[in-house]
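J.: Build me a model from this:
(one chain, ligands or ions: 3)
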Amino acid sequence: MQVNVKIKRFNPEADKRPYWAEYQLEARPTDRVLDVLNEIKWEMDGSLSYRRSCAHGICGSDAMLINGVNRLACKILVKDLGADIRVEPIRGLTVQKDLIVDMEPFFDAYKAVLPFFINDDPAPAAERYQSPEDREIFDDTTKCILCAACTTSCPVFWTNGRYLGPAAIVNAHRFIFDSRDQGADERLQVLNQPNGLWRCRTAYNCTEACPRDIPITKVIEEVKRELLWRRA
Ligand code: SF4
Ligand code: F3S
Ligand code: FES
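T.: Ligands and ions are numbered 1, 2, ... in the order given. Below is the predicted model of the structure:
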């Protein structure tokens, strides 16, 4: 089928402002948007810039705003979009070139919540035991691939780039509710700051955007309840 692809492009070194570039090409309905972008870059316009790596929904590097919704370019098929495809960089982060944004503020927020296992007890001879029931509590939040589709679809983040954002809260949840971890108080203290957890206005955009189907808004509510419970 013939597809018309509009891509919002911007090279800060050459352009005064972003502009729409249009490309017409043949694509199979089962092609992914990433295949279409590759075709454009490799066969039509080598100057187009975007991130991608695994091409299988695992590395999280190709989140883009596609027909108005944050998605992974390697997971959305042409047949699910139709002949008109519009691709823009994810919002709320500075565009470095075309579809590439500066991810540093996103990863700074991620690092702020201490997204690693904390336990100062001496290491046991074998593994640290955890029951299947305890593991299940944070199963959803182990699935995050740090694609930023959630945080960059959040209206609170658009207006306040210092909001830690849903991805950071998801990754805090992954350790706060791990029965083997001892860093929950420290993480909750970070999330209780003015640009933390309480900025969330339950907009749900994050939940709808997550390519891993993590129930993010529910996760955020669980962390809020845990914070209130520990302070009571
Ligand atoms: Fe991406 Fe979902 Fe992780 Fe957010 S929670 S960064 S949308 S995988
Ligand atoms: Fe934003 Fe998600 Fe809350 S979109 S306002 S973090 S529910
Ligand atoms: Fe890795 Fe799409 S290229 S998630």
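J.: Residue 219 belongs to a helix?
T.: Yes. Counting by DSSP: H, G, I helix; E, B strand; the rest coil, residue 219 is found in a helix.
J.: OK, contacts around the residue lying closest to it once chain neighbours are set aside?
T.: Excluding the flanking residues, the one nearest residue 219 by CB to CB, 6 or more residues apart in numbering is residue 173, at 5.0 Å. Just so you know, the C-beta spots here come from the backbone N, C-alpha and C atoms, and that holds for glycine as well. Residues in contact with residue 173 (CB atoms under 8 Å, 6 or more residues apart in numbering) are 138, 141, 219, 222, 223.
J.: Now the fourth one: which helix or strand?
T.: Right, residue 222. Element membership of residue 222, judged by DSSP states H and E, is helix 216-231.
J.: Setting aside sequence neighbours, what's the nearest residue to residue 195?
T.: Nearest non-adjacent residue to residue 195 (CB to CB, 6+ apart): residue 162, at 4.5 Å.
J.: In terms of pLDDT, where does the most centrally placed residue in the chain sit?
T.: Computing the C-alpha centroid of the chain and ranking residues by CA atoms, centre = their mean puts residue 148 first, at 1.9 Å. Looking at residue 148, its pLDDT reads 98.
J.: Contacts for stretch 78-86 next, please.
T.: 1-8, 27-33, 36, 66-68.
J.: Show the buried residues in those residues.
T.: Buried by 16 or more other CB atoms under 10 Å: 3, 5, 7, 8, 27, 31, 32, 33, 36, 66, 67, out of these.
J.: Tell me if I'm right that the first one and residue 28 touch.
T.: Right, the one you point to is residue 3. No. Residue 3 lies out of contact with residue 28 (CB atoms under 8 Å); the separation is 9.9 Å.
J.: Helices of this structure, start to end?
T.: 33-39, 104-112, 132-137, 155-159, 166-176, 184-191, 205-209, 216-231 (DSSP state H).
J.: okay, those, which one's buried deepest?
T.: Among the helices of the chain, helix 166-176 has the highest mean neighbour count (mean count of other CB atoms under 10 Å), at a mean of 27.
J.: Phi and psi next, for residue 29.
T.: Main-chain dihedrals, residue 29, degrees, to the nearest 10: phi -60, psi -30.
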